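K.L.:
A structural model of the following input is requested.
(2 chains)
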Amino acid sequence: MTAAKNIENKNDKEEYQKKKAEKQKEKLKENIKKTIKALIFWGIILAGFGFFFPERFPAAISMSGRYLKEMVMIFPAVLVIMGLADRWVPTTMVEKHLGHNSSFKGKFLAVFLGTLPTGPMYVAFPIAAELLRKKASLSNVIIFLGVWASLKVPQLGVEIQFIGLKFSILRFIFTLISIFIIGIIMEKMIGLDHFNEIKNK
Amino acid sequence: MIAAVINIIALILLLISFLKSNKKSREALKIALFKGLGLAPQLISLVAVIGIIFAFLSPELIKEFLGGDFSLIQVGAAALFGALMMIPSLIALPLAGSLIEAGASYTPVAAFITTLTMVGFVTIPVELKELGKKITIYRNGLALIFAVIIAFMIGVFI
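P.N.:
Numbering: from 1, shown residues only, chains lettered A, B, ... in the order given. Below is the predicted model of the structure:
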């Protein structure tokens, strides 16, 4: 009986993975199509631009070319780092290390784990909710969310490349200070009881 | 310079990853490829738009609109704009860089980038569901206020 159930489960799992793979393939195809469409669209626009404003065309092309070159130089590496982080830094690890303690070590971990190049914001919210359920301090969770949102490591690289080192350093420092202040204000004003009340309803 | 550093880091990490697990590394590369293809249409548009904008708008014009000193309301508007927009930061950063190069001030750009990343009007439904009303409102509200403060601080120090 259990064996039969196991087999059934296994089949379900395989089915699910097959479906997932198919979905991915479809998305891939769609993205390739979109990319080609964008290429054609902007190719036509640029050609029209060159036809109507031949004297401004070289400036446009040299500007576009420069940015294209800079992007090609940095984006593949950034994407590879993000992909590696996605595989090697499971979200369970984040939960494990942020589960408790609101000491300095907890804050440091919140910052460190937030800067790791993992996933968009909507991935961070469920993790934050889980942390709060596990009684992590609200300030730590808010710090974690803030750092996750705006101080990610590969994005900082892109920021330095395109805007400048001084700007990035200043933004990093002021943003980090702000996130700490926001965390502390919120802990003072809300407290955890409120959250638990909602979740227990 | 930074591009070289990031490329070297990516290569080293990839090497370590492949030494540890072939399968995971392949999956990671696949994820990178997927993400890249997802961003590609926007990147292409961005490259074309930057070219066209800068062929038409002279730096003097950009300086006039986005340069110089900024009032609280203007920076607040830039912050609000960032909160409402849903652009991946990998796209927004090069665009912001091109504006600064053309003469825009750092202050509004800083406000825009800060709220673009920290405040998400589009992701508020998810946040509400996961964290509740009170946390969501406080977090986004405070982030919006602090974005303006951060922007002015950067404007002072840079």
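K.L.:
tell me the secondary structure at B:G120.
P.N.:
Following DSSP: H, G, I helix; E, B strand; the rest coil, we place B:G120 in the coil state.
K.L.:
tell me, how many residues neighbour the nearest residue to it once chain neighbours are set aside?
P.N.:
Nearest non-adjacent residue to B:G120, counting by CB to CB, 6 or more residues apart in numbering or on different chains: A:M121, 5.8 Å away. Heads up, the C-betas are built off the backbone N, CA and C, glycines and all. A:M121 is flanked by 17 other residues according to other CB atoms under 10 Å in any protein chain shown.
K.L.:
for A:D12, see how far away A:M121 is.
P.N.:
Using CB to CB, to the nearest Å, we find A:M121 at a distance of 31 Å from A:D12.
K.L.:
B:I44 reaches A:W42, doesn't it?
P.N.:
Yes. At 5.9 Å, B:I44 counts as touching A:W42 under the criterion of CB atoms under 8 Å.
K.L.:
how does the chain divide into domains?
P.N.:
Chain wasn't specified; assuming chain A. Domain segmentation of chain A under automatic domain parsing yields A:2-80, A:91-200.
K.L.:
I was after chain B.
P.N.:
Split into domains by automatic domain parsing, chain B comes to B:1-56, B:58-158.
K.L.:
the ones you listed: which one's closest to A:F174?
P.N.:
A:F174 sits nearest to domain B:58-158 of all those, at 4.4 Å, using CB to CB.
K.L.:
check which helix or strand the closest residue to A:G114 other than its chain neighbours maps to.
P.N.:
What sits nearest to A:G114 in space, not counting adjacent residues and going by CB to CB, 6+ apart, is A:V147, at 2.9 Å. Here A:V147, judged by DSSP states H and E, is contained in helix A:138-150.
K.L.:
ok, and the closest non-adjacent residue to B:G51?
P.N.:
Nearest non-adjacent residue to B:G51, counting by CB to CB, 6+ apart: A:S64, 3.2 Å away.
K.L.:
measure the one you found to B:G120 for me?
P.N.:
From A:S64 across to B:G120, the span is 30 Å (CB to CB).
K.L.:
ok, the spatially most central residue of chain B - contacts?
P.N.:
In chain B, the centroid-proximal residue (CA atoms, centre = their mean) is B:S89; its distance is 3.0 Å. Applying CB atoms under 8 Å, 6 or more residues apart in numbering or on different chains to B:S89 gives the contacts A:155, A:158, B:113, B:116-117.
K.L.:
repeat that for 7 Å
P.N.:
By CB atoms under 7 Å, 6 or more residues apart in numbering or on different chains, the contact set of B:S89 is A:155, B:116-117.
K.L.:
circling back to that earlier point, so the residue nearest to B:G51 makes contact with B:V49?
P.N.:
No. Using CB atoms under 7 Å, A:S64 is not in contact with B:V49, being 8.8 Å away.
K.L.:
please identify the deepest-packed of the domains of chain B.
P.N.:
Among these, domain B:58-158 has the highest mean neighbour count (mean count of other CB atoms under 10 Å in any protein chain shown), at a mean of 19.
K.L.:
quick one: average confidence on that one?
P.N.:
For domain B:58-158, mean pLDDT is 88.
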